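Q: Here is a sequence with its predicted model. Questions after.
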Amino acid sequence: MSTNKPKGIVVFSGGSAANNLVDVFKKVRENKKCQLSYVIPISDNGGSSSELIRVFGGPGIGDVRSRLVRLIPDDPDHDDSEKAAIKVFFNHRLPKDQAVAKAEWLQIVEADHDLWAHISTAKKELIRAILNLVNFEICKRLRPSSTFDFSGASIGNLFLTGARLFTGSFESAIYLLSSVCSVPNHTSVLPAINTNFTHHISCSLSNGVTITGQNSISHPLETTALDPSTNPATSPSSRDETESHDAIEDANLPGTLPTLRKQNIHFSKADEDDLPARIERLWYINPYGQEIRLSANPKVLSALKDAQAIIYSIGSLYTSLIPSLILKGVGAALANPTVRYKILILNSTIDRETGPSSSPFSAIDFIAAIAKAGAESRGEGGEVRKHDYCAYVTHLIHLTGPGTPKVDMEELQGIGIETIRVYGRRVEGEVFVQYDEKALVQALEVTLGRRDPRAENIRRNTLEG
């Protein structure tokens with residue numbers, strides 16, 4: 001018996017940047033009346049996630065938590081103070097001062113904090129039970145050489161960690177937080193890898209330098225580039241640092257890379273130095289720095305198999321998108337010709353990962369990186385021919401304005417990739433432009449086959465908001 005259920009939409013993204021487009025994807029999903037799946041990487045080892053990983057191990061959960069909380073539905077017709085309170089609660093970060101942060105944490109777990117206002121007793125006691133479990137686990141792991149640092153800790157991250165420890169399942173922890181946040185059944189948040197373990201990434205630059213760990217790639221406190229002419233595991237300074245870390249009792253295995261064991265709690269995304277050269281390749285590593293190939297979450301592959309459209313959202317190219325695309329099984333699913341729409345929403349600016357400023361990425365460079373990641377997933381190393389790019393990207397949506405990546409429409413159309421230009425809006429006090437929600441919804445709907453009658457006289461590559 002045929003159900004004629006509409007195929008879904010799969011969005012590859014990271015955390016904060018793509019959160020700004022959640023309402024866009026929601027509207028497109030509503031018009032298509034289909035399932036919407038977000039695929040989120042779990043390789044982040046910066047911020048409060050780094051302390052949770054150091055003490056408990058497990059995946060980098062910050063981007064998963066961020067998306068789940070962002071998906072808490074807003075109902076303008078009803079005053080739902082509890083949903084608003086839960087959103088504030090799980091987005092709350094403790095103060096940066098370590099002592100003040102710990103004091104506030106104790107207020108929260110003892111239900112003596114204003115954050116609990118407007119949250120019903122049933123949900124409050126469920127949330128508090130998980131947070132008290134985390135607190136108990138932190139106390140169990142207290143050692144003279146290692147104490148948990150609550151500085152800047154995310155309450156949502158602590159809850160998701162506690163749920164994972166309680167159930168023994170990352171997938172179950174996501175289900176619990178989704179339920180508490182009332183995330184609709186038609187929208188799912190899928191970790192790229194369903195794991196209880198920590199997985200790190202490394203990348204190589206065009207000048208031969210290797211950088212280890214996502215935090216070091218995207219926003220390091222200090223340079224962690226490794227000299228390719230030396231073996232970092234055997235150099236004297238590294239041996240001393242490794243032995244020093246081995247004396248600390250935490251979740252790290254003895255002898256693992258010091259770079260992956262540091263607390264990366266404090267950093268600024270605003271102050272980013274250029275990389276010395278372009279990123280050429282990214283891969284997963286084990287705790288000792290050796291390259292490994294990992295399989296994608298089966299639910300991700302299932303969503304891709306049943307997709308009518310794949311969207312690569314805005315965000316960090318090499319730390320938000322590529323870690324999901326290089327996983328085994330993903331490349332073949334992306335290249336599946338039955339998926340007609342494979343849409344890249346191009347970033348509005350160039351960042352640290354798509355520089356340096358002397359040689360910024362163009363649109364074709366973004367697409368080439370995605371195609372190369374897809375080929376890597378399939379076990380096909382090396383460069384991908386330009387005429388094969390359209391197997392992974394069929395449509396490009398982009399902005400025009402100061403600082404936006406260069407788009408050569410003729411070159412892209414020559415290799416079978418359609419371009420749709422969207423006029424954005426300027427950000428007050430900034431020189432760059434950002435996507436206008438209505439214009440982006442229109443561009444996606446036109447691309448996916450629903451034509452707005454008001455747009456009959458607008459060319460497909462010059463949509464205006």
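A: Ah, there it is.
Q: Low-confidence stretches in the chain?
A: Where the chain drops to pLDDT under 70, the residues are 1-3, 76-79, 221-239, 266-272, 429, 431, 450-465.
Q: how many neighbours does the closest residue to A192 other than its chain neighbours have?
A: Nearest non-adjacent residue to A192, counting by CB to CB, 6 or more residues apart in numbering: S324, 4.0 Å away. To be clear about C-beta, it is placed using only N, CA and C from the backbone, and glycine gets the same treatment. Residues contacting S324 under the criterion other CB atoms under 10 Å number 26.
Q: So which residues of the stretch 151-300 of the chain form strands?
A: For the stretch 151-300 of the chain, the strands defined by DSSP state E, counting those that start in this stretch cover 187-191, 200-205, 210-212, 225-226, 279-285, 291-292.
Q: From the chain's centroid, how far away is the third one?
A: Put plainly, it is strand 210-212. 19 Å (CA atoms, centre = their mean, to the nearest Å).
Q: Within its sheet, name the partner strands of that strand and how each one runs.
A: strand 200-205 (antiparallel), strand 225-226 (antiparallel) (DSSP bridges).
Q: repeat for the last one
A: The partner list of strand 291-292 in its sheet, established with DSSP bridges, is strand 279-285 (antiparallel).
Q: Need the residues that contact stretch 133-146.
A: 55-56, 105, 109, 148, 158-159, 161-162, 165-166, 247-250 (CB atoms under 8 Å, 6 or more residues apart in numbering).
Q: L396: which of the strands of the stretch 151-300 of the chain is closest?
A: In terms of CB to CB, the element of the strands of the stretch 151-300 of the chain nearest to L396 is strand 279-285, at 20.2 Å.
Q: Surely D436 touches V427?
A: No - using CB atoms under 8 Å as the test, D436 is too far from V427 to be in contact (11.4 Å).
Q: the more surrounded of these two?
A: D436 (18 against 11).
Q: do you know how far the residue nearest to G14 when sequence neighbours are not counted is from E376?
A: Spatially, and ignoring its direct neighbours in sequence, G14 is nearest to S320 (2.7 Å; CB to CB, 6+ apart). Noted for S320: a distance of 17 Å to E376, by CB to CB, to the nearest Å.
Q: what about these two, which has more around it?
A: S320 (27 against 23).
Q: quick one: that one is in a strand?
A: No - S320 is assigned helix when assessed by DSSP: H, G, I helix; E, B strand; the rest coil, not a strand.
Q: Can you say which two of the contacts of stretch 133-146 are spatially most distant?
A: F159 and A247 (31.1 Å).
Q: Compare the two and say which is more crowded by neighbours.
A: Neighbours were counted for F159 and for A247 using other CB under 10 Å; F159 has more, 25 against 9.
Q: which element follows the helix or strand containing the residue nearest to A192 toward the C-terminus?
A: Secondary structure assignment for S324, by DSSP states H and E: helix 322-325. Counting by DSSP H and E, the next helix or strand C-terminal to helix 322-325 is helix 330-334.
Q: quick one: contacts of that following helix?
A: Contacts for helix 330-334 (CB under 8 Å, 6+ apart): 296, 300-301, 304-305, 310, 324-325, 339, 342, 373-378, 380, 391-392.
Q: go again using 10 Å as the cut-off
A: Helix 330-334 is contacted from outside by 10, 12, 39, 192, 295-297, 300-305, 307, 310, 312, 324-325, 339, 342, 370-380, 391-393, using CB atoms under 10 Å, 6 or more residues apart in numbering.
Q: of the residues you listed, buried ones?
A: 10, 12, 39, 192, 296-297, 300-301, 303-305, 307, 310, 312, 324-325, 339, 342, 370-378, 391-393 (16 or more other CB atoms under 10 Å).
Q: Go through those residues and flag which are in helices.
A: 300-301, 303-305, 324-325, 370-377 (DSSP state H).
Q: quick one on the thing from earlier: and the residue nearest to A192, how far is that from L317?
A: From S324 to L317 the distance is 12 Å (CB to CB).
Q: Okay, buried residues for stretch 19-36 please.
A: Neighbour-count burial for stretch 19-36 [16+ other CB under 10 Å]: 19, 21-22, 24-29, 32, 34-36.
Q: Could you list which of these belong to strands?
A: L36 (DSSP state E).
Q: out of the buried residues of stretch 19-36, who's nearest N215?
A: Among the buried residues of stretch 19-36, N19 lies closest to N215 (CB to CB), at 19.5 Å.
Q: Assess the claim that the closest one and S13 are in contact.
A: Yes - if you go by CB atoms under 10 Å, N19 and S13 touch, sitting 8.5 Å apart.
Q: Could you name every residue contacting both of the two?
A: Here N19 and S13 have 63, 67, 313, 315 as joint contacts, going by CB under 10 Å, 6+ apart.
Q: Reformat these as TSV; add secondary structure.
A: Below are the shared contacts of N19 and S13 laid out as TSV (three-state DSSP):
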residue	secondary structure
D63	helix
R67	helix
S313	coil
G315	coil
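Q: Where neighbours are concerned, which of those residues has the most?
A: Top of the shared contacts of N19 and S13 by neighbour count (other CB under 10 Å): D63, with 27 neighbours.
Q: And the closest residue to that residue other than its chain neighbours, how far from W283?
A: Distance criterion CB to CB, 6+ apart; nearest residue to D63, sequence neighbours excluded, is G15 at 3.4 Å. Distance of G15 to W283, given as CB to CB: 21 Å.
Q: And those two? Which one has more around it.
A: G15 (20 against 17).
Q: if I read this right, that one contacts P41, doesn't it?
A: Yes - using CB under 10 Å, G15 is in contact with P41, at 9.0 Å.
Q: Now list whatever residues contact both of these two.
A: Joint contacts of G15 and P41 (CB under 10 Å, 6+ apart) are 60, 63-64, 315-316, 320.
Q: and these, which two are the farthest apart?
A: Between any two of these, the greatest separation by CB to CB is 15.7 Å, found for V64 and S316.
Q: now, among the shared contacts of N19 and S13, which is nearest to Q263?
A: Using CB to CB, these come closest to Q263 at D63, 19.1 Å.
Q: From R421, how far out is the closest one?
A: D63 is 29 Å from R421, by CB to CB.
Q: repeat for K438
A: Applying CB to CB to K438 and R421 gives a distance of 15 Å.
Q: Equivalent analysis for V339, please.
A: The value you get for V339 to R421, if CB to CB is used, is 23 Å.
Q: Domain map for the protein?
A: Per automatic domain parsing, the structural domains of the chain span 8-33+307-455, 72-182.
Q: I53 contacts T256, correct?
A: No - applying CB under 10 Å, one finds I53 not in contact with T256, separated by 11.7 Å.
Q: Quickly list what's touching both of those two.
A: 198, 200.
Q: what about those two, which has more around it?
A: The residue with more neighbours, out of I53 and T256, is I53; 26 against 19, by other CB under 10 Å.
Q: Quick check: chain neighbours aside, which residue is closest to the more buried one?
A: T198 (5.3 Å).
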